[in-house]
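Peer 1: can you look at this prediction? I've put the sequence above it.
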Amino acid sequence: MVPRLMPGAFALFRPTRKLTSGDTVLVEHPRYGRIVKSVRAIDEGGVWLEGLSPQSIDAQRLGSVPSQAVLGRLAFHVPPPGWRSIS
């Protein structure tokens with residue numbers, strides 16, 4: 001989830017059912033497995049996700065996931081030594 005979470009960062013996710021656009025979430029995606037993405041939008045069909053990196057899978061390919069697939073929202077993170085964090 002570069003640039004928000006750098007490789008080697010420690011991240012703590014807390015379970016939640018209250019999501020808003022822009023939240024960083026841990027998701028059990030049916031096709032891509034366990035991934036960290038940003039919430040792009042929420043509708044009655046589920047949660048639309050997007051990555052912040054140009055190399056990320058685009059939102060259309062990710063599709064909408066059911067809200068139950070969201071394992072948690074980013075509560076806290078510590079970047080690895082030498083990295084600056086954006087949050």
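Peer 2: Received, thanks.
Peer 1: secondary structure element holding the most centrally placed residue in the chain?
Peer 2: Note on the chain: the residue nearest the mean C-alpha position is residue 37, at 2.3 Å, using C-alpha atoms, centre = their mean. Using DSSP states H and E, residue 37 sits in strand 33-43.
Peer 1: what are the contacting residues of that strand?
Peer 2: 1, 4-5, 11, 19-29, 47-52, 56, 59, 62, 64, 67, 71, 74 (C-beta atoms under 8 Å, 6 or more residues apart in numbering). C-beta here means a position set from N, CA and C on the backbone, and glycine is covered the same way.
Peer 1: still on that earlier bit, tell me the confidence at the residue nearest to the centre of the chain?
Peer 2: For residue 37, the model assigns a pLDDT of 92.
Peer 1: what's the answer for residue 87, then?
Peer 2: 50.
Peer 1: which stretches of the chain have low pLDDT?
Peer 2: 1-3, 83-87 (pLDDT under 70).
Peer 1: what about the residue of it positioned farthest from its centre, helix or strand, and which?
Peer 2: No residue in the chain sits farther from the centre than residue 82, which is 22.9 Å out by C-alpha atoms, centre = their mean. Here residue 82 sits in a region with no helix or strand, counting by DSSP H and E.
Peer 1: residue 49 too?
Peer 2: Per DSSP H and E: strand 46-50 holds residue 49.
Peer 1: elements contacting that strand?
Peer 2: strand 24-29, strand 33-43, helix 59-62, strand 64-65 (3 or more C-beta pairs under 8 Å, 6 or more residues apart in numbering; DSSP states H and E).
Peer 1: who's in contact with it?
Peer 2: Counting by C-beta under 8 Å, 6+ apart, 19, 25, 27, 29, 35, 37-42, 56, 58-59, 62-67, 69-70 sit against strand 46-50.
Peer 1: buried subset of these, written for PyMOL?
Peer 2: Selecting the buried subset of the contacts of strand 46-50 in PyMOL, with 16 or more other C-beta atoms under 10 Å as the burial test, is done by:
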select buried, resi 25+27+35+37+38+39+42+56+59+62+64+65+69+70
